[in-house]
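**Student:** pasted the sequence and its predicted model underneath.
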Amino acid sequence: MNQNDSPEYLERKRFFDSLLTIFGRKPVLEALQDNSVDLHRLHLAKSNRNDGIVEEIIQLANARGAEIVYHDRQGLSRISKNAKQDQGVAADLICQAYGNYKDFLANPPRSNYQLLAVDSITNPQNLGMIIRSVCAGFVDGLIIPEKGCAKLDALVIKASTGTLFRTRILRCKQLHRCLEDFRQNDQHPADVYGLSSHANAQLKDVPSDTANIFVLGNETHGVSDVVSERCNKMLAIPMNNQVESLNVAVTASLIAFRGQI
């Protein structure tokens with residue numbers, strides 16, 4: 001057996017895939033003040049002065065019995081991936097609903113699962129509000145590619161009003177390959193729909209008894225060509241009074257509550 005196929009390796013990989021790393025003093029402090037958030041490890045720069053907020057973060061981490069690791073600035077920046085904004089603080093959070101899309105695809109919560117996916121959503125405010133709608137609504141999760149979208153940073157956490165920690169986030173490296181995996185899966189295939197103001201088909205025409213993924217495109221350019229090629233069909237939301245389109249976060253809300261209002 002290949003070492004990478006062993007149950008121990010796969011379980012360890014699944015655990016680390018469930019870790020969400022956040023950075024910045026205030027976001028980390030607010031996360032640790034939320035008793036529903038499970039802290040795995042706190043990362044601190046050795047150069048930090050133990051002022052009020054850093055001291056409070058350390059106290060909260062100690063109260064949870066979490067490991068605290070000290071790094072030089074370069075080491076911490078490799079963890080936060082944002083040396084300019086991490087303020088010498090990062091934290092690995094255990095989010096049970098945060099992981100790789102392949103785990104979801106292997107065992108979805110229902111046969112007619114409904115997912116949203118974001119394609120190059122670069123505005124943190126929009127991404128945070130989309131996450132909030134997914135958490136509150138009647139869809140089963142949100143697919144976010146590792147590159148091309150806004151990072152899950154302090155601005156996104158704030159816009160999500162903390163719901164990021166309770167939302168099923170499915171990670172993937174490349175969105176178009178992820179969508180192809182969903183479409184071609186033998187046991188749990190899904191139809192993929194891109195949202196476009198120029199489409200002829202409408203959102204209301206999509207059946208709810210099948211597995212569906214709805215792709216929200218970039219705020220300016222819409223769904224990218226490489227992702228559009230993986231869509232079964234493009235959909236529009238009908239507009240009145242010559243309004244061309246809705247804000248992408250508003251569109252996400254309509255999809256998240258589709259058929260429930």
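**Tutor:** It's in. What you see is a predicted model; the values in this text were computed from it and never measured.

**Student:** please work out how many residues are found near N100.
**Tutor:** By other Cβ atoms under 10 Å, the residues close to N100 number 17. All C-beta atoms are positioned from the backbone trio N, CA, C, and that covers glycine.

**Student:** the stretch 51-200 of the chain: helices as residue ranges?
**Tutor:** 52-63, 73-80, 101-106, 124-136, 154-159, 175-184 (DSSP state H, counting those that start in this stretch).

**Student:** what's the least confident stretch among those?
**Tutor:** Of all the helices of the stretch 51-200 of the chain, helix 154-159 carries the lowest average pLDDT, namely a mean of 91.

**Student:** what does that one rub up against?
**Tutor:** 22-24, 26-27, 30-31, 85, 124-129, 131-132, 150, 164 (Cβ atoms under 8 Å, 6 or more residues apart in numbering).

**Student:** next: stretch 204-215.
**Tutor:** 108, 111-119, 143, 175, 179, 182, 188-195, 223, 227, 231, 235, 255, 258-259.

**Student:** which of the residues you listed are buried? Put it as a PyMOL command.
**Tutor:** Written as a PyMOL command, the selection of buried residues from the contacts of stretch 204-215, which uses 16 or more other Cβ atoms under 10 Å, is:
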select buried, resi 108+113+114+115+116+117+118+119+143+175+179+182+190+191+192+193+194+195+223+227+231+235+255+258
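
**Student:** now list the buried members of the contacts of helix 154-159.
**Tutor:** Looks like the contacts of helix 154-159 have 22-24, 27, 30-31, 124, 126-129, 131-132, 150, 164 buried, using 16+ other Cβ under 10 Å.

**Student:** how many residues are close by L203?
**Tutor:** Neighbours of L203 using other Cβ under 10 Å come to 17.

**Student:** oops, could you answer that again for R14 instead?
**Tutor:** Neighbour tally, R14, other Cβ under 10 Å: 13.
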